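>>> sequence below, structure please.
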Amino acid sequence: MMTAQQAAQRGIALMDLTTLNNSDDVATITRLCESARTDFGHPAALCVFPELVVWTKLELERLGLTAIKVATVTNFPEGHANVERAVAETERAVAVGADEVDVVFPWRALQAGDSDIGFALVQSVKRACGEVPLKVIIESGELKTPELIKQASEIAIAAGADFIKTSTGKVPVNATLEAAEVMLTAIKNSGQQVGFKAAGGVRSAADVAAYLTLAEQIMGADWVTAEHFRFGASSLLGNLVGTLTGGSSPAEIKGY
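Numbers count the residues shown, from 1 in each chain. Have a look, this model is predicted:
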């Protein structure tokens, strides 16, 4: 059984430390980058708006944290069905140096019965990414039903997603264990090398332990690495550091 300390240590290394607020500026990013250096290692990636990718990379270089990837978002947060717009945003994100792209799936179109546009959008955005890994946000909390969550996952995987991700963190219901089980099972059944990202609502070592245990049960313990599994969060880092130090959490960057 995983202890809180073990979960906290693993959670830090699997985290996409995130800030996606309209008020974000270079000062926000500087604080985010500085918070990423802890006594217990650093997150796998920082996730920021496209216009802040360059500053994030510069700050990580200044701090000697160049092993941390810089992720960004496109078609965010609405998940429009405009393929050309999503592709153009992705091309710009890749051009400014994003190491990973998180695109929002057109989930409303899927709810309305259109499964083709989701496939076309993910396929086109993946082409625009080239070698840059693509995470597809299916917005599981808005899709609601296991059937739609499964369908969106399968479409994204078939269209070339490198990860499928639960949520934008901008809706009332974000990551849940129920949605995670559906999505991880879809990955397992696909036989593809696709990762999973739980985003929004993961706030404690206990939450981390629950998701890691579920992923290990479905995919196997060896699968749960930063190459296949991520948490998207902001307050989680401070809480995990607090768990490991036995004290209170340091100041948090408010993102999700």
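
>>> which residues are in contact with L236?
By C-beta atoms under 8 Å, 6 or more residues apart in numbering, L236 lies in contact with 11, 15, 202-204, 207-208. In short, each C-beta sits where N, CA and C put it, glycine included.

>>> what is the mean pLDDT for the strand or helix carrying it?
Counting by DSSP states H and E, the element that carries L236 is helix 235-245. Averaged over helix 235-245, pLDDT sits at 96.

>>> in that helix, what counts as buried?
235-244 (16 or more other C-beta atoms under 10 Å).

>>> still on that earlier bit, sitting in strands, which of the contacts of L236 do you find?
Assigned to strands by DSSP state E, the following of those qualify: M15.

>>> still on that earlier bit, and the helix holding L236, how far from the chain's centre?
Computed by C-alpha atoms, centre = their mean, to the nearest Å, the chain-centroid distance of helix 235-245 equals 19 Å.

>>> so which helix or strand takes in C47?
Counting by DSSP H and E, C47 is part of strand 45-48.

>>> what pairs with that strand, parallel or antiparallel?
strand 15-18 (parallel), strand 69-74 (parallel) (DSSP bridges).

>>> which positions within the helix or strand following it qualify as buried?
Note on strand 45-48: by DSSP H and E, the next helix or strand toward the C-terminus is helix 53-62. Of all the residues in helix 53-62, those buried under the rule 16+ other C-beta under 10 Å are 53, 55-57, 59-60.

>>> and V70, how many neighbours?
25 (other C-beta atoms under 10 Å).

>>> dig out what it forms beta bridges with.
Under the criterion used (DSSP bridges), V70 bridges to L46.

>>> that one and L32, how far apart?
11 Å (C-beta to C-beta, to the nearest Å).

>>> straight-line length of stretch 1-18, end to end?
The first and final residues of stretch 1-18 sit 29 Å from each other (C-alpha to C-alpha, to the nearest Å).

>>> how far does that stretch sit from its chain's centre?
Using C-alpha atoms, centre = their mean, the offset of stretch 1-18 from its chain centre is 15 Å.

>>> give me the mean pLDDT for that stretch.
Here the average pLDDT along stretch 1-18 is 96.

>>> now stretch 51-68
For stretch 51-68, mean pLDDT rounds to 98.

>>> same check, this time on stretch 72-88
Rounded mean pLDDT across stretch 72-88 is 98.

>>> now do the end-to-end distance for it.
14 Å.

>>> circling back: outside of the strand holding C47, which residues touch it?
If you take C-beta under 8 Å, 6+ apart as the criterion, strand 45-48 is touched by 15-20, 24, 29, 32-33, 36, 56, 60, 68-73, 99-100, 102, 230, 232, 255.
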